[in-house]
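Asks: how would this look folded up:
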Amino acid sequence: MTEANQENTTPKTSALRSIKLVAWSFLGIRSRSGYQEDLARVNPMHVVAAGIVGALLLIAGLIGLVNWVVAK
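Replies: Residues are numbered from 1 along each chain as shown. Okay, the predicted model is just below:
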């Protein structure tokens, strides 16, 4: 198998790509072609971890915002 064919069969994964995928999912705006491309290149465990961290950050941010508004 040539090096070019090997790159096509084993796509590169990256934590940054997973974080971007989750961020776009939280916003709810993403082109179908970009979504399909990201799904082909990410590791599902990275996406799950990024989703959990993103949800925790969102919840912490909302709690902080509510505490800040109520304190005033």
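Asks: Which element, helix or strand, includes the most centrally placed residue in the chain?
Replies: In the chain, the centroid-proximal residue (Cα atoms, centre = their mean) is V22; its distance is 2.5 Å. Here V22, judged by DSSP states H and E, is contained in helix 15-27.
Asks: Output the helix or strand that that helix is followed by in CSV with nothing but the alpha carbons.
Replies: Going down the chain from helix 15-27, the next helix or strand is helix 32-41, by DSSP H and E. Extracted as CSV, the C-alpha positions of helix 32-41 are listed here (Å, rounded to 0.1, in the frame of the first residue of the first chain):
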residue,chain,number,x,y,z
ARG,A,32,-23.6,19.0,6.2
SER,A,33,-20.4,18.6,4.2
GLY,A,34,-18.2,20.0,7.0
TYR,A,35,-20.1,17.8,9.5
GLN,A,36,-19.5,14.7,7.5
GLU,A,37,-15.9,15.5,7.0
ASP,A,38,-15.3,16.0,10.7
LEU,A,39,-17.1,12.8,11.6
ALA,A,40,-14.8,10.9,9.3
ARG,A,41,-11.7,12.3,11.0
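Asks: Look at the residue lying closest to R17 once chain neighbours are set aside and report its pLDDT.
Replies: Spatial nearest neighbour of R17, chain neighbours left out: V42 (5.5 Å); criterion: Cβ to Cβ, 6 or more residues apart in numbering. Heads up, the C-betas are built off the backbone N, CA and C, glycines and all. V42 carries a pLDDT score of 86 in this model.
Asks: before we move on, what about T9?
Replies: For T9, the pLDDT comes out at 45.
Asks: Which secondary structure elements does the helix or strand hosting V70 sit against?
Replies: Remark: V70 resides in helix 44-71, with elements defined by DSSP H and E. Contact analysis of helix 44-71 by 3 or more Cβ pairs under 8 Å, 6 or more residues apart in numbering; DSSP states H and E lists helix 15-27 as its packing neighbours.
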